[in-house]
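> here's my sequence, what's the structure:
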Amino acid sequence: MSVLPKVSLAGRCLLVTGGTQGIGEACALAAAEAGARAVCITGRNAKRGASVVAALRALGSQAHFVAADLSDADATAGIVAQAEAALGLVDGLVNAAGLTDRGTILGTDIALWDRLFAINARAPFILTQAVARRLVAEKRSGTIVNVITMSSHGGQPFLTGYSSSKGALAVLTKNTALGLRPHRIRVNGINLGWADTPGEHVIQQKDGNPPDWLDRAAPAQPFGRLVSAPDVAGLATYLLSDASGIVTGSLIDFDQNVMGAYE
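Below is the predicted model of the structure:
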């Protein structure tokens, strides 16, 4: 009789980008709750970073914060070394940070396009490469989870650059899953649907929606609410853990709508 494996990250050392708020923070805290030995978070807000580090330590994990702007390739390239200097070998990575700025094909300038790709595609590439190289050198297995978006399927017209950059991350997920499979390093992605996050609240305000936009939007959704950060963290923790077995190269649509199906 088989026994379902427990979702546990005991003994693991995780690196989570965008870990100072929203999806990244939830993934970091969920990892600690699942028994991760250590969790390193990245972000630009040192005050928020210190707060999350304190929460992680209260949950029993070693914790460290690396201040970094992921639009800076050199700064991004140094994150893994800083994490490992503080906490030891990183064997799990969550690329949760992302830029969601608007722009149509007619209105997106090259600077915005480049910044979207730098944060949403290049940074995950740099970090995946750094983590994978260390794991291969140490002959260790590992897991990587990329937080993507349903917009990677095509997206709305006002999200041209964002959708394109996340589409690149979706392809990177599958490509690296195959390339790293011989080393038993698994790579999976979460195509996130409309989610209730601090970043989304800021965007809604910029778009001119009222402060109570969430109270208006939630009842109209199929399940009466938006996706939450803990929802995503639970799936990410599962994918990082041995409970997900040999799953690799999967892009999971985490949304209330079913792509390709219409009423």
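> next secondary structure element downstream of the longest helix that the chain contains?
Using DSSP state H to define each element, the chain has its longest helix at helix 160-180. Next along the chain after helix 160-180, taking DSSP states H and E as the criterion, comes strand 185-192.
> any idea how far that following strand is from the chain center?
Mean-position distance between strand 185-192 and its chain equals 9 Å (Cα atoms, centre = their mean, to the nearest Å).
> so which elements touch it?
Contacts defined by 3 or more Cβ pairs under 8 Å, 6 or more residues apart in numbering; DSSP states H and E place strand 185-192 against helix 123-137, strand 142-147, helix 160-180, helix 229-240, strand 251-254. Quick note: C-beta positions are derived from backbone N, CA and C, even for glycine.
> just the helices from the stretch 1-150 of the chain, written as ranges.
22-33, 46-58, 73-77, 79-87, 110-117, 123-137 (DSSP state H, counting those that start in this stretch).
> point out the most buried one among those.
Counting by mean count of other Cβ atoms under 10 Å, helix 22-33 has the highest mean neighbour count of the helices of the stretch 1-150 of the chain, with a mean of 26.
> sorry, back to before: tabulate the helices of the stretch 1-150 of the chain in JSON lines, adding columns for mean pLDDT and distance to Thr143.
Shown next, in JSON lines, are these (pLDDT from 0 to 100; distance: least, Cβ to Cβ, whole Å):
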{"stretch": "helix 22-33", "mean pLDDT": "97", "distance to Thr143": "11"}
{"stretch": "helix 46-58", "mean pLDDT": "97", "distance to Thr143": "19"}
{"stretch": "helix 73-77", "mean pLDDT": "97", "distance to Thr143": "20"}
{"stretch": "helix 79-87", "mean pLDDT": "98", "distance to Thr143": "15"}
{"stretch": "helix 110-117", "mean pLDDT": "98", "distance to Thr143": "25"}
{"stretch": "helix 123-137", "mean pLDDT": "98", "distance to Thr143": "10"}
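> kindly reformat these as CSV containing distance to Asp212.
CSV is the format used below for those (distance: least, Cβ to Cβ, whole Å):
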stretch, distance to Asp212
helix 22-33, 19
helix 46-58, 25
helix 73-77, 37
helix 79-87, 37
helix 110-117, 29
helix 123-137, 34
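> which among those is found nearest to Pro230?
Nearest to Pro230, of all the helices of the stretch 1-150 of the chain, is helix 22-33, at 5.4 Å by Cβ to Cβ.
> can you give the distance from that closest one to the centre of its chain?
Relative to its chain's centre, helix 22-33 lies at 10 Å (Cα atoms, centre = their mean).
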